[in-house]
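Asks: 3D model of this:
(2 chains, ligands or ions: 2)
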There are 2 protein chains.
Amino acid sequence: MSLPLLEQLIEAFRVLPGVGQKTAQRMAYHVLEREREGGQKLAEVLAKAIERIGHCEQCRDFSETEICAVCANGSRERQQLCAVESPADRLAIETATGFRGVYFVLQGRLSPLDGIGPRELGLDQLEARLKQGEVNELIIATSATVEGEATAHYLAQMARSYKVRPSRLAQGLPLGGELEYVDRGTLSHAFGTRTEVQE
Amino acid sequence: MSLPLLEQLIEAFRVLPGVGQKTAQRMAYHVLEREREGGQKLAEVLAKAIERIGHCEQCRDFSETEICAVCANGSRERQQLCAVESPADRLAIETATGFRGVYFVLQGRLSPLDGIGPRELGLDQLEARLKQGEVNELIIATSATVEGEATAHYLAQMARSYKVRPSRLAQGLPLGGELEYVDRGTLSHAFGTRTEVQE
Ligand SMILES: [Zn+2]
Ligand SMILES: [Zn+2]
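Replies: Ligands and ions are numbered 1, 2, ... in the order given. I've put the predicted structure just below:
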């Protein structure tokens, strides 16, 4: 008889990003040897988070409630809408800059080969928002990758068609860099010197 | 209102070895974005493993049952007892070698400054086992670190006092390793303990 539960646990850890067989094994042993209480807490919180955390109806960011805290905050300036690729990017901007507007979380970037088109990024919802007339600047904070730039181009065109001014974070972001890994200073500077997107 | 559950989840992931704030955040987002099913499975298996996996009464390795599969296996040679520091080390030996004896898992190594003495390593239990007279060789497979060597020295003395032959894994150049990439200590040791080439 083997130890199926231990093997199951090692296998289960591999669902985490960047975790291969060796690391998964180390995690399982570490938790069982030294962190049973913390492991139990992780199991509980993980199950609860998966059950309860959905997406904000307005901005598509993660939220436990129908409308997230930022969207529900009456003191945020709703004329400035900042489009980001992911919740992590939204958090990075919120933490690093003094931005007081609201967000739209694409949850990805245009990538036709992977089947990720406008629908998958909720662009119909974004379009309806721009159409309403409340927004006057769309700050496009997609990453400086090929797909991020293509997404930015698409969003800029959409914004212009509703007379919304599109802007893009200033160059200064490392080329090819993922936004969430950019240091605070660079991110804050790039955010502050964003430029209007020219036709 | 913030997102306490998401923050709790990020915090909970930090219990895993080598996982800091940034990695924990990436794990939480990854699971919520792309691996909800796998995350749920991880939560379940983790809770179950922590509840059910204890230690084998004979060898102290992880086990779901009172006696682990290796110790319960009647065809293993109980005269050869191999002492290892951790379940991972036991698994490595079991996988890499043809060893057919049994194990004793110390769950650590002697480290008086950290409060890890003979009692913490279950050495009273190991001593009782050597006393019984069934074991004739104690293979000491502790690591080649200062503490591992000190532990090996302690175990060797204990073995001798019960007329059990202590042995230690050979140290030297890794098989297939380029000489120039071997660390100084290993190279020096291997040179000093060179053996005559037999015809
Ligand atoms: Zn929202
Ligand atoms: Zn056992």
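Asks: Every contact and neighbour count from this point should use C-alpha atoms.
Replies: Will do.
Asks: Just after the lengthiest strand in chain A, pick out the following helix or strand.
Replies: Secondary structure of chain A per DSSP state E: the longest strand is strand A:77-84. Counting by DSSP states H and E, the next helix or strand C-terminal to strand A:77-84 is helix A:87-96.
Asks: CA atoms of that next one as PDB?
Replies: The C-alpha trace of helix A:87-96 is given here as PDB (Å, rounded to 0.1, in the frame of the first residue of the first chain):
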ATOM      1  CA  PRO A  87      -6.700  42.500 -11.200                       C
ATOM      2  CA  ALA A  88      -3.000  42.400 -10.300                       C
ATOM      3  CA  ASP A  89      -2.400  45.300 -12.700                       C
ATOM      4  CA  ARG A  90      -5.300  47.300 -11.200                       C
ATOM      5  CA  LEU A  91      -3.900  46.700  -7.700                       C
ATOM      6  CA  ALA A  92      -0.500  47.800  -8.900                       C
ATOM      7  CA  ILE A  93      -1.800  51.100 -10.300                       C
ATOM      8  CA  GLU A  94      -4.000  51.700  -7.200                       C
ATOM      9  CA  THR A  95      -1.000  51.200  -4.900                       C
ATOM     10  CA  ALA A  96       1.600  53.100  -6.900                       C
END
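Asks: Which residue ranges of chain A form helices?
Replies: Per DSSP state H, chain A carries helices over the ranges A:4-13, A:21-34, A:36-52, A:69-72, A:87-96, A:123-132, A:146-161, A:184-192.
Asks: ok, A:Asp114 to ligand 1 distance?
Replies: With distances taken as C-alpha to the ion, to the nearest Å, A:Asp114 is found 26 Å from ligand 1.
Asks: cool, A:Arg109 as well?
Replies: Distance from A:Arg109 to ligand 1, counting by C-alpha to the ion: 18 Å.
Asks: from what I can see that residue touches A:Glu147, true?
Replies: Yes - taking C-alpha atoms under 8 Å as the definition, A:Arg109 is a contact partner of A:Glu147 at 6.3 Å.
Asks: In terms of neighbours, single out the busier of those two.
Replies: Taking other C-alpha atoms under 10 Å in any protein chain shown, A:Arg109 and A:Glu147 do not tie; A:Arg109 has more neighbours (24 against 16).
Asks: which residues does A:Val84 form a beta bridge with?
Replies: A:Val105 (DSSP bridges).
Asks: how many other residues sit next to it?
Replies: A:Val84: 28 surrounding residues under other C-alpha under 10 Å.
Asks: got the contact list for it?
Replies: A:Arg90, A:Tyr103, A:Phe104, A:Val105, A:Leu106, A:Gln107, A:Ile140, A:Ala141, A:Thr142 (C-alpha atoms under 8 Å, 6 or more residues apart in numbering or on different chains).
Asks: now A:Ile139
Replies: A:Ile139 touches A:Gln80, A:Leu81, A:Cys82, A:Ala83, A:Pro166, A:Ser167, A:Arg168, A:Leu169, counting by C-alpha under 8 Å, 6+ apart.
Asks: ok, now how distant is the fourth one from A:Glu178?
Replies: Distance, A:Ala83 to A:Glu178, by C-alpha to C-alpha, to the nearest Å: 15 Å.
Asks: Between these two, which is the more surrounded one?
Replies: A:Ala83 (24 against 16).
Asks: Surely the more buried one and A:Glu137 touch.
Replies: No - with contact defined as C-alpha under 8 Å, A:Ala83 does not reach A:Glu137; the gap is 10.5 Å.
Asks: measure A:Ser111 to B:Ala159 for me?
Replies: A:Ser111 is 65 Å from B:Ala159, by C-alpha to C-alpha.
Asks: quick one: which of these two has more around it?
Replies: B:Ala159 (23 against 16).
Asks: Excluding chain neighbours, what is closest to the more buried one?
Replies: B:Pro166 (6.0 Å; C-alpha to C-alpha, 6 or more residues apart in numbering or on different chains).
Asks: where are the low-confidence patches of chain A?
Replies: A:1-3, A:171-177 (pLDDT under 70).
Asks: how does it divide up, domain by domain?
Replies: A:1-37, A:62-168 (automatic domain parsing).
Asks: that older thread, what angle separates the longest strand of chain A from helix A:87-96?
Replies: Here strand A:77-84 points in a direction 130 degrees away from that of helix A:87-96 (axes from the mean of the first three to the mean of the last three C-alpha atoms, to 10 degrees).
Asks: Kindly export strand A:77-84 (C-alpha atoms) in PDB.
Replies: Provided in PDB are the C-alpha atoms of strand A:77-84 (Å, rounded to 0.1, in the frame of the first residue of the first chain):
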ATOM      1  CA  GLU A  77     -14.100  60.300 -10.600                       C
ATOM      2  CA  ARG A  78     -16.100  58.400 -13.100                       C
ATOM      3  CA  GLN A  79     -15.000  60.500 -16.100                       C
ATOM      4  CA  GLN A  80     -11.600  58.800 -16.000                       C
ATOM      5  CA  LEU A  81     -11.700  55.100 -16.800                       C
ATOM      6  CA  CYS A  82      -8.600  53.100 -16.700                       C
ATOM      7  CA  ALA A  83      -8.500  49.800 -18.700                       C
ATOM      8  CA  VAL A  84      -6.100  47.200 -17.300                       C
END
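Asks: Any buried residues in that strand, and which?
Replies: A:Arg78, A:Gln79, A:Gln80, A:Leu81, A:Cys82, A:Ala83, A:Val84 (16 or more other C-alpha atoms under 10 Å in any protein chain shown).
Asks: Which residues lie in contact with the third one in this structure?
Replies: With contact set as C-alpha under 8 Å, 6+ apart, A:Gln80 has these partners: A:Gly101, A:Val102, A:Val135, A:Asn136, A:Glu137, A:Leu138, A:Ile139.
Asks: Nice, that's everything, thank you.
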